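Visitor: mind looking at a prediction? Sequence and model below.
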Amino acid sequence: MAASAQVPQPSLRRRWYSLQAREARLAWMLVLPTALIVFGLVVFPAIFSIWISFHEVGLKNLNDVFHAPFAGLNNYRYVFNDFAFKFHSLQDWGAAVTSIVYSFSATILTVLIGLIAALLLNRPFRARGITRAIFLFPYVAPIVSVAFVWRWILDPRPSGVLNDILMRLHLIQLPQAYLSTRGLALLLVIIFEAWRYFPFAMLMILARLQAIDKTLYEAADVDGANTWHKFWYVTLPELRYVLGAVFLLRLIWTFNKFDDIFLLTGGGFGTNVLPVLTYQFSFKSYNFGKGAANAMILLLILVVFLVIYVSTVMRNVEE
């Protein structure tokens with residue numbers, strides 16, 4: 001039997017200059033700048049924050065941070081017991097519980113207002129395009145400007161817009177400090193969050209509403225369904241995936257939100273959430289170890305939300 005012919009292997013030089021090798025090198029050259037930026041701005045700071053969370057880092061040793069004393073789990077224990085999860089009273093829940101109440105309440109209200117706005121703007125009426133543009137204003141306006149407008153409206157002095165109106169209508173006798181009252185301050189922050197971000201939910205829901213097959217509503221009309229029946233049995237089932245996606249995305253973003261609460265209340269009067277607590281540890285107390293530990297707790301909670309999002313919404317989209 002004749003020996004099988006040996007297939008000659010290409011030389012190293014030929015493989016190096018082959019089309020596949022050149023395409024691979026070009027791909028790495030194009031990806032490398034982005035990879036370096038991501039590593040420098042995301043990966044390394046994240047790893048460094050984990051390292052800091054297990055050490056005592058403050059102003060006294062900030063110039064020699066890599067020789068900071070090892071603290072073990074003391075930073076995490078301090079954050080857990082005294083600030084994040086300790087239930088002090090009915091008016092002081094701790095930053096983690098406040099974050100959960102704030103995030104879920106604001107997200108539910110955001111999606112609900114966005115759904116109502118999308119249903120209204122999906123109907124044909126005169127000047128619908130201008131109305132849609134106006135509804136987008138809270139979302140596109142700079143956060144600093146809208147936050148200070150709200151603070152001006154809720155100003156505790158008699159010159160505050162809301163106080164002036166209520167006093168002129170004789171509904172209150174003295175000016176009220178709305179953002180300095182426990183309970184009310186958290187409620188106002190939740191309302192502000194829902195008002196600012198409902199246009200995002202509205203856009204996503206409106207896009208799905210316009211893609212619903214009209215024959216479904218025609219069939220419902222033939223069956224004698226009224227407006228409520230069509231909404232409950234046709235519209236909502238068609239919106240279930242986009243509502244779930246919007247809810248989980250907004251929940252993750254709201255839980256990680258810092259600027260809204262900080263600009264309105266500074267985290268005081270029962271509105272202290274985990275992102276604001278991280279800032280207070282790091283840049284008010286200058287205890288960067290505890291600030292990093294608090295940030296890691298926030299990260300773990302966000303990872304849980306992210307796993308839920310990927311395992312539910314993304315799986316439904318793939319199916």
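Guide: Yes, it's here. The model shown is predicted, which means the values in this text are computed figures rather than measured ones.

Visitor: any idea which helix or strand carries Val101?
Guide: helix 95-121 (DSSP states H and E).

Visitor: let me know the average pLDDT across that helix.
Guide: If you average the pLDDT over helix 95-121, you get 91.

Visitor: shaky segments in this protein?
Guide: By pLDDT under 70, the low-scoring segments of the chain are 1-11, 82-92, 313-319.

Visitor: ok, Trp16 to Val161 distance?
Guide: Per CB to CB, to the nearest Å, Trp16 is found 72 Å from Val161. Heads up, the C-betas are built off the backbone N, CA and C, glycines and all.

Visitor: quick one, what contacts the residue nearest the centre of the chain?
Guide: The chain has Trp253 as the residue nearest its centroid, 0.5 Å off, counting by CA atoms, centre = their mean. The contact partners of Trp253, by CB atoms under 8 Å, 6 or more residues apart in numbering, come to Tyr197.

Visitor: tell me the phi and psi of it?
Guide: Per-residue torsions, Trp253: phi -70, psi -40 (degrees, to the nearest 10).

Visitor: the stretch 101-250 of the chain: helices as residue ranges?
Guide: 128-135, 137-140, 143-153, 161-168, 184-209, 214-222, 227-230, 236-255 (DSSP state H, counting those that start in this stretch).

Visitor: which helices and strands sit right next to the longest one?
Guide: In this structure, helix 184-209 packs against helix 95-121, helix 137-140, helix 143-153, helix 236-255, helix 259-264, with contacts taken as 3 or more CB pairs under 8 Å, 6 or more residues apart in numbering; DSSP states H and E.

Visitor: between the ones you listed, which one is closest to Pro33.
Guide: Among these, helix 236-255 comes nearest to Pro33, with 27.5 Å by CB to CB.

Visitor: between the closest one and helix 95-121, how many degrees?
Guide: When axes from the mean of the first three to the mean of the last three CA atoms, to 10 degrees is applied, the directions of helix 236-255 and helix 95-121 differ by 140 degrees.

Visitor: buried stuff in helix 236-255?
Guide: 239, 242-252, 254-255 (16 or more other CB atoms under 10 Å).

Visitor: from those, which two are the most distant?
Guide: Longest span within the buried residues of helix 236-255, CB to CB: Leu239 and Phe255, 23.2 Å.

Visitor: buried ones in the helix holding Val101?
Guide: Quick answer for helix 95-121 (16+ other CB under 10 Å): 95-96, 98-100, 102-103, 105-107, 109-111, 113-115, 117-119, 121.

Visitor: likewise stretch 155-170?
Guide: For stretch 155-170, by 16+ other CB under 10 Å, it's 155-156, 160, 162-163, 167.
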